[in-house]
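Novice: Generate coordinates for the sequence data below:
(3 chains)
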Amino acid sequence: MLAFQELGGKADQGKTMMLDKGLGLNAVSDLLSVAGAHITFAKFGWGTAATSEQDVIAAKTALYARHGITTYPGGTLLEVALAAGKLAEFFTEAKALGFTGIEVSDGSTTVAPAVRAQVLSQAREAGFFVISEVGKKNPALDHALTASDRMAQIQADLDHGAHYVLLEAREAGKNIGIYDEAGNIKKDMLAALTANGIDQLIFEAPLKAQQVALILQFGPQVNLGNIAHDEVTALETLRRGLRGDTVGRL
Amino acid sequence: MLAFQELGGKADQGKTMMLDKGLGLNAVSDLLSVAGAHITFAKFGWGTAATSEQDVIAAKTALYARHGITTYPGGTLLEVALAAGKLAEFFTEAKALGFTGIEVSDGSTTVAPAVRAQVLSQAREAGFFVISEVGKKNPALDHALTASDRMAQIQADLDHGAHYVLLEAREAGKNIGIYDEAGNIKKDMLAALTANGIDQLIFEAPLKAQQVALILQFGPQVNLGNIAHDEVTALETLRRGLRGDTVGRL
Amino acid sequence: MLAFQELGGKADQGKTMMLDKGLGLNAVSDLLSVAGAHITFAKFGWGTAATSEQDVIAAKTALYARHGITTYPGGTLLEVALAAGKLAEFFTEAKALGFTGIEVSDGSTTVAPAVRAQVLSQAREAGFFVISEVGKKNPALDHALTASDRMAQIQADLDHGAHYVLLEAREAGKNIGIYDEAGNIKKDMLAALTANGIDQLIFEAPLKAQQVALILQFGPQVNLGNIAHDEVTALETLRRGLRGDTVGRL
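Specialist: Residues are numbered from 1 along each chain as shown, chains lettered A, B, ... in the order given. Purely as a prediction, here's the structure:
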């Protein structure tokens, strides 16, 4: 007998990083029961992990972990801790709260290359799954980064222990990194950043049109991030050719 | 004593089709307790019913059914099954999962008119509530359909057993069917498609401005679809003249 | 040991009014556990409190009250009741449902100044926390209000018992009050309306860019309203300098 699951392409070909910007336990439970199999990473966006009680954060990381999902606090929070000279304490608290990953970024602050390299190494030594992020949250600053600058940063991060490198696009997906002001892909920038392959890259792609474009170009195995929690299932249908935009095109 | 419910116009004058694109049981339970009385159909959008475990889908259809709501998988999933030569199995599985309705469309694929007619008949014979959809998900293809083409399809679908005909607008509500690129109504197209009445039509109208315009033109009895789950209550206030846009105008 | 909560600025400096447009109990429970400490007011938007069963509304107000949050039905519902000559019954029912606040507005209807003054006084005498709202929901009507008109209304409302005055922006935040068609702040209008201080004003600011601009101009103590339920945590990070837009700028 046919199960609906047999329709469409193979499941879960690429990594999916979901943005959790303050979900409660009922919502996380819902999400995991419906789409837990399709989530690789849950990022507690920017500083959101600092505005709830510790027991709620710990309960959430535990719930995600039970479904094999790696959780990590947003890079912005690490940047704030780093600027305050509290990196070691940050790692300790992250571990205490049940986070299994760490994101290292300089999207909101300036971090010297040597410091960045050291943070990546320390995070890895502390036993975290390590993801770095390349790009600036302020579009004016981000536009000053050339494709070469970004490629050099990607390579340096991988050399210093990052398991994956995120290409910054923020929650809105516009006017940063590979996207123009309307959220469309800048083809030249994308081509340049993927010249060495895409296996260790995660494209932040919050807008559906971005997800469609990247899946059509690279296939369902492309790694995508900053997926809204209520778009995880929809993304999985795109990857499997079960939504109009990708039916018969994969 | 006044109950707030006595304020505003009559409740539930038109059918409301809500788009469920991957809700969990807590969310469905919330929705039904707050707005269950205002939902006629719950569509499990496009192929989303194929990416969750069967027991979750079955639990959801059962919950909707307990509130008298007709559930059905998106037409895209039926199209994929049809293209794979598995229509009979599709009906069997839909029934096993507790779906009480079927949507027949050709939004993502090409379906010969004779096949479409047969699918509609078979769905009805199998005991489903049958809804067809007119329009293409790709705007370029959709623009090739004239008002006459659509009217002919609507009539053919009703002749072959459709209880209602949906006018396609996708989740985004732009650049398809009766809507232009900004999501505004194309008045000529709307006038042409409603020349024979609106009783058996359901207008996909995901944007609030579309809901307002259609309610002001046709009254609260107009049937509306692709309503986001968190807009069902808001739509009901529009229908009853309890939101600024329709206060005193119905 | 560092707790993440010690990172960033002080918590909860300004009042936050959240828009509840039909949440269920699971969602409210989620919200309160994650961000209950950061919510001052929960507005049951426009007429939404009239389209659910009374027991659900009462259960929600009770849940919010347990977290010290003031709840109130949208001003539109009061306007409809007032136009129907049922103001006293409206207050009675609001109290029976557990609402502890009342919003007095004329966004959707015309209310004579003397009547408005009386409604404010009556609401306050009935023991409600009283918030008035200044602005029209129809942009054409709203544009006819000068800064002086609005200032006079604000002062009159405070004189007649309003604890706070909301500056109308609707759920969409565009083309009304201090915002232009794109949702950007009209600097002249804002300067005029804040000439006497901002302590008793609540700026409806549903869009993130509006929240950022107002926090950067007035500091984290600015009172903000019409915050979507799933943006409360994000707003708190903005107030505390834990999101890229405000890191190091407060």
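Novice: Strands along chain A, start to end?
Specialist: Ranges of strands within chain A are A:16-20, A:41-44, A:70-73, A:101-104, A:129-134, A:164-167, A:201-204, A:224-228, based on DSSP state E.
Novice: so can I have CSV of these showing mean neighbour count, distance to chain B and mean pLDDT?
Specialist: Bear in mind the C-beta positions are built from the backbone N, C-alpha and C, glycine included. Conversion of the strands of chain A to CSV gives the following (neighbours: other Cβ atoms under 10 Å in any protein chain shown; distance: least, Cβ to the nearest Cβ, whole Å; pLDDT from 0 to 100):
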stretch, mean neighbour count, distance to chain B, mean pLDDT
strand A:16-20, 25, 12, 98
strand A:41-44, 28, 15, 98
strand A:70-73, 24, 19, 98
strand A:101-104, 26, 24, 98
strand A:129-134, 25, 25, 98
strand A:164-167, 25, 23, 98
strand A:201-204, 24, 20, 98
strand A:224-228, 23, 11, 98
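Novice: got those as TSV, with distance to C:Ile176 columns?
Specialist: Conversion of the strands of chain A to TSV gives the following (distance: least, Cβ to Cβ, whole Å):
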stretch	distance to C:Ile176
strand A:16-20	30
strand A:41-44	34
strand A:70-73	37
strand A:101-104	38
strand A:129-134	37
strand A:164-167	37
strand A:201-204	32
strand A:224-228	27
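Novice: Quick check: which of the ones you listed is nearest to chain C?
Specialist: With respect to chain C, and counting by Cβ to the nearest Cβ, the nearest of those is strand A:70-73 at 7.3 Å.
Novice: Next, the contact list for the residue nearest to A:Val232 when sequence neighbours are not counted, please.
Specialist: Using Cβ to Cβ, 6 or more residues apart in numbering or on different chains and skipping residues adjacent in sequence, the residue nearest A:Val232 is A:Ala35, 4.4 Å away. With contacts taken as Cβ atoms under 8 Å, 6 or more residues apart in numbering or on different chains, A:Ala35 has the following neighbours: A:Val232, A:Thr233, A:Glu236, B:Gly22, B:Thr51, B:Ser52.
Novice: Can you give me the neighbour number for A:Lys136?
Specialist: Other residues lying near A:Lys136 total 22 when counted by other Cβ atoms under 10 Å in any protein chain shown.
Novice: Check A:Asp188 too.
Specialist: Using other Cβ under 10 Å, A:Asp188 has 10 neighbouring residues.
Novice: what about it, distance to A:Gly219?
Specialist: With the distance defined as Cβ to Cβ, to the nearest Å, A:Asp188 ends up 21 Å from A:Gly219.
Novice: Just the endpoints, please. Distance across stretch A:156-163?
Specialist: Terminal residues of stretch A:156-163 are spaced 12 Å apart (Cα to Cα, to the nearest Å).
Novice: now that stretch, how far from the chain's geometric center?
Specialist: Using Cα atoms, centre = their mean, to the nearest Å, we find the averaged C-alpha position of stretch A:156-163 to lie 16 Å away from the chain's own average C-alpha position.
Novice: and if you look at stretch A:56-75?
Specialist: For stretch A:56-75 - counting by Cα atoms, centre = their mean - the centre lies 14 Å from the chain centre.
Novice: Get me the contact residues on chain A for chain B.
Specialist: Residues of chain A lying near chain B by Cβ under 8 Å from any Cβ of the partner chain: A:1-5, A:7-8, A:11, A:26-27, A:29-31, A:33-35, A:38, A:230, A:232-234, A:236-237, A:240-245, A:247-248.
Novice: Only the buried subset of those, as a PyMOL command please.
Specialist: Here is the PyMOL command that selects the buried residues among the residues of chain A next to chain B (16 or more other Cβ atoms under 10 Å in any protein chain shown):
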select buried, chain A and resi 2+4+5+7+8+26+27+29+30+31+33+34+35+38+230+232+233+234+236+237+240+241+242+243+244+245+247
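Novice: And for A:Lys187, the neighbour number?
Specialist: 11.
Novice: What separation do you get for it and A:Glu103?
Specialist: Looking at A:Lys187 against A:Glu103, where the rule is Cβ to Cβ, the gap reads 27 Å.
Novice: Also A:Gly127?
Specialist: Here the distance between A:Gly127 and A:Glu103 works out to 15 Å (Cβ to Cβ).
Novice: got it, and A:Val222?
Specialist: Distance, A:Val222 to A:Glu103, using Cβ to Cβ: 19 Å.
Novice: same check, this time on A:Thr109
Specialist: Computed with Cβ to Cβ, the distance linking A:Thr109 and A:Glu103 is 14 Å.
Novice: can you check A:Gly244 too?
Specialist: A:Gly244 sits 33 Å away from A:Glu103 when distances are taken as Cβ to Cβ.
Novice: And for A:Ile39?
Specialist: Applying Cβ to Cβ to A:Ile39 and A:Glu103 gives a distance of 16 Å.
Novice: Below-threshold pLDDT in chain A: ranges please.
Specialist: Counting by pLDDT under 70, chain A contains low-confidence residues at A:1.
Novice: where along it do the helices fall?
Specialist: Counting by DSSP state H, the segments of chain A that form helices are A:25-35, A:54-66, A:75-83, A:87-96, A:113-125, A:139-143, A:147-159, A:187-193, A:208-218, A:232-239.
Novice: So for C:Pro206, which of these sits nearest?
Specialist: Proximity to C:Pro206 (Cβ to Cβ) singles out helix A:25-35 among the helices of chain A, at 20.7 Å.
Novice: Report the angle between that closest one and helix A:232-239.
Specialist: Orientation note: helix A:25-35 sits at an angle of 20 degrees relative to helix A:232-239 (axes from the mean of the first three to the mean of the last three Cα atoms, to 10 degrees).
Novice: May I have helix A:25-35 as PDB, with CA atoms only?
Specialist: Extracted in PDB, the C-alpha atoms of helix A:25-35 (Å, rounded to 0.1, in the frame of the first residue of the first chain):
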ATOM      1  CA  LEU A  25       7.700  24.100  24.900                       C
ATOM      2  CA  ASN A  26       4.300  23.300  23.300                       C
ATOM      3  CA  ALA A  27       5.500  24.800  20.100                       C
ATOM      4  CA  VAL A  28       8.800  23.000  20.100                       C
ATOM      5  CA  SER A  29       7.000  19.800  20.900                       C
ATOM      6  CA  ASP A  30       4.600  20.400  17.900                       C
ATOM      7  CA  LEU A  31       7.500  21.200  15.700                       C
ATOM      8  CA  LEU A  32       9.400  18.000  16.600                       C
ATOM      9  CA  SER A  33       6.400  15.700  16.200                       C
ATOM     10  CA  VAL A  34       5.600  17.100  12.700                       C
ATOM     11  CA  ALA A  35       9.100  18.000  11.300                       C
END
